[in-house]
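1. got a sequence here, can you model it:
(chains A and B)
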There are 2 protein chains.
Amino acid sequence: MKKIITISREFGAGGGEIGKRLAEELQYDYYDKELILMAAAHADIAVSNLIEWDEKVPINFGFTQSLFNFYNKPMSEKIFEAQKQVIRKIGEKGHCVIVGRNANAILKEYDDCLNVFIRADFNWRLNRMKDKMENLTESQVAGEMKTIDRVRKKYCTYYTNTNFGSMEQYDIALNSSRLGIDACVKAILALVK
Amino acid sequence: MKKIITISREFGAGGGEIGKRLAEELQYDYYDKELILMAAAHADIAVSNLIEWDEKVPINFGFTQSLFNFYNKPMSEKIFEAQKQVIRKIGEKGHCVIVGRNANAILKEYDDCLNVFIRADFNWRLNRMKDKMENLTESQVAGEMKTIDRVRKKYCTYYTNTNFGSMEQYDIALNSSRLGIDACVKAILALVK
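-> Down below sits the predicted model:
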């Protein structure tokens, strides 16, 4: 029985939804956005400062962008290190699903870790995201998707020295646009149990 | 219920074994090496000629190498086309597992096709293959593995214009060295049923 599931994902591919469904099914704890706040608490950075920093992103519909500031520089080493500590603590506790944050690389020495990658075709992701970002035009949404994918890649390479999406670092990679969310959840559950 | 399973794989990653296990479980037909002979029959190439051609490989422990001749040129268009026809016929019949031969690309317009990629860490593959090639030294086995992986990539790009192992063309990719053969079979079955 795998006690930790990490999910890396392309933006809009449904990694968060799949993660939540897995956490429900397995009665595991689910972590994503909250991590940065937990990390901040751990490192004694005032949460209020962090939220302010987090809001420095041009369009506020996610928080991946906020990993990089306006000048496209990575977030501070201090915050990254704090986050890493938090992910390790969560990993030690086990029974958890962690979405994003390169948790697979941070927890690479843990044996009972199942590392998942979720990808999907661009147009499928675009259709999903259009509905969630009603205030943007289709081409704006497409632009944001490309930016976020690029930022995730850069973040992954910068902090973990591995290639985002390359199969060496995952146990299973799933194509959610071809399989659907339900099937992805089923395949992962087959590996966890 | 998916009626066709195609398996692409790195050499030594256990794709054939996984394919056979799936075929057994699902009572599907299993195809790999025989394809070239069936293709030959279809195209009216004498099987005896083909076997001779097939033996033109330096070390006779598989047949992937024989896709390319001594000068590393792809096999003839005629044989490739014949093979493609056979794969289409098998696909139309359904209830089959097809290992290798870029069947996923050849059958890409089929809806009830599950496309699988199996990869594994190099040393794990090396250990498996060492046992199967007792007459070779470890470094010879390693050299052969690299050659075959390279040939498969080249064959894939040459005939299908897609990248071997890149996730756009598969529904699921599994890391057999991390998960084990059993778990790979289970995850795929969860998607087929």
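
2. every contact and neighbour count from this point should use C-alpha atoms.
-> OK.

3. point to the residue nearest the middle of chain A.
-> Closest to where the C-alpha atoms of chain A average out (Cα atoms, centre = their mean) is A:Gly100, at 1.8 Å.

4. wait, isn't it in contact with A:Thr6?
-> Yes. Assessed by Cα atoms under 8 Å, A:Gly100 is found in contact with A:Thr6 at 7.4 Å.

5. just to revisit the earlier point, next, the residue nearest to the centre of chain A: phi, psi?
-> phi 80, psi -160 (degrees, to the nearest 10).

6. okay, it: pLDDT?
-> What the model reports for A:Gly100 is a pLDDT of 89.

7. what's the answer for A:Ala46, then?
-> 55.

8. now swap in A:Asn135 and tell me
-> 88.

9. can you count the residues close to it?
-> 10 (other Cα atoms under 10 Å in any protein chain shown).

10. same question, A:Lys193
-> Residues contacting A:Lys193 under the criterion other Cα under 10 Å number 10.

11. contacting residues around the closest residue to it other than its chain neighbours?
-> Nearest non-adjacent residue to A:Lys193, counting by Cα to Cα, 6 or more residues apart in numbering or on different chains: A:Met1, 5.2 Å away. A:Met1 makes contact with A:Asp112, A:Val192, A:Lys193, according to Cα atoms under 8 Å, 6 or more residues apart in numbering or on different chains.

12. wait, isn't the last one in contact with A:Ile5?
-> Going back to what we said before, that points to A:Lys193. No. Under the criterion of Cα under 8 Å, A:Lys193 makes no contact with A:Ile5, lying 11.8 Å away.

13. quick one: the longest helix along chain A to chain centroid distance?
-> Counting residues, the longest helix found in chain A (DSSP state H) is helix A:138-160. The gap between where helix A:138-160 is centred and where its chain is centred comes out at 12 Å by Cα atoms, centre = their mean, to the nearest Å.

14. now do whichever helix or strand comes after that helix: which elements does it pack against?
-> From helix A:138-160 onward toward the C-terminus, using DSSP states H and E, the following helix or strand is strand A:172-175. If you count contacts as 3 or more Cα pairs under 8 Å, 6 or more residues apart in numbering or on different chains; DSSP states H and E, strand A:172-175 packs onto strand A:113-119, strand B:172-175.

15. check which strands are paired with strand A:172-175 and give the direction for each one.
-> strand A:113-119 (parallel), strand B:172-175 (antiparallel) (DSSP bridges).

16. hmm, who's touching the last one?
-> The one in question is strand B:172-175. By Cα under 8 Å, 6+ apart, the list of residues contacting strand B:172-175 reads A:167-168, A:170-175, B:115-121, B:167, B:184.

17. which among the residues you listed count as buried?
-> Buried members of the contacts of strand B:172-175, scored by 16 or more other Cα atoms under 10 Å in any protein chain shown, are A:167-168, A:170-175, B:115-121, B:167, B:184.

18. tell me which residues touch the most far-flung residue of chain A relative to its centre, please.
-> For chain A, the largest distance from the centre (Cα atoms, centre = their mean) belongs to A:Thr137, which lies 24.6 Å off. Contact analysis of A:Thr137 by Cα under 8 Å, 6+ apart lists A:Lys130.

19. I'd like the distance between it and A:Glu17.
-> According to Cα to Cα, to the nearest Å, A:Thr137 stands 24 Å off from A:Glu17.

20. try A:Val141
-> For A:Val141, the distance to A:Glu17 - Cα to Cα - is 19 Å.

21. so which residues of chain A form helices?
-> Going by DSSP H, chain A shows helices at A:15-26, A:34-42, A:47-54, A:77-93, A:103-106, A:122-132, A:138-160, A:176-179, A:181-192.

22. got any ranges where chain A has weak pLDDT?
-> A:36-78 (pLDDT under 70).

23. quick one: name the residues of it near chain B.
-> Proximity of chain A to chain B, by Cα under 8 Å from any Cα of the partner chain, involves residues A:119-121, A:167-168, A:170-176, A:178-179, A:183-184, A:186-188, A:190-191.

24. repeat that for 7 Å
-> A:171-175, A:178-179, A:183, A:186-188, A:190-191 (Cα under 7 Å from any Cα of the partner chain).

25. coming back round to it: surely the residue nearest to the centre of chain A and A:Ile7 touch.
-> Yes. Using Cα atoms under 7 Å, A:Gly100 makes contact with A:Ile7 at a distance of 6.0 Å.

26. and the closest residue to A:Gly12 other than its chain neighbours, how many neighbours?
-> Take A:Gly12 and drop its neighbours on the chain: the residue closest to it by Cα to Cα, 6+ apart is A:Arg125, 4.8 Å away. Under the neighbour criterion other Cα under 10 Å, A:Arg125 is assigned a count of 21.

27. then A:Thr162?
-> 17.

28. the nearest residue to it once chain neighbours are set aside and A:Arg21: what is the separation?
-> Spatial nearest neighbour of A:Thr162, excluding adjacent residues (Cα to Cα, 6+ apart): A:Cys156 at 6.5 Å. Using Cα to Cα, A:Cys156 is found at 25 Å from A:Arg21.

29. cool, A:Asn115 as well?
-> From A:Asn115 to A:Arg21 the distance is 16 Å (Cα to Cα).

30. do A:Lys84 as well
-> In terms of Cα to Cα, A:Lys84 sits 24 Å off from A:Arg21.

31. same deal with A:Glu138?
-> 28 Å.

32. how many residues are close by A:Gln27?
-> A:Gln27: 13 neighbours (other Cα under 10 Å).

33. what do you get for A:Tyr31?
-> Other residues close to A:Tyr31 by other Cα under 10 Å number 21.

34. test my guess that it contacts A:His95.
-> No. Here A:Tyr31 does not reach A:His95: they are 11.1 Å apart, not a contact under Cα under 7 Å.

35. so what does A:Asp121 have for phi and psi?
-> Torsion angles, degrees, to the nearest 10, at A:Asp121: phi -60, psi 150.
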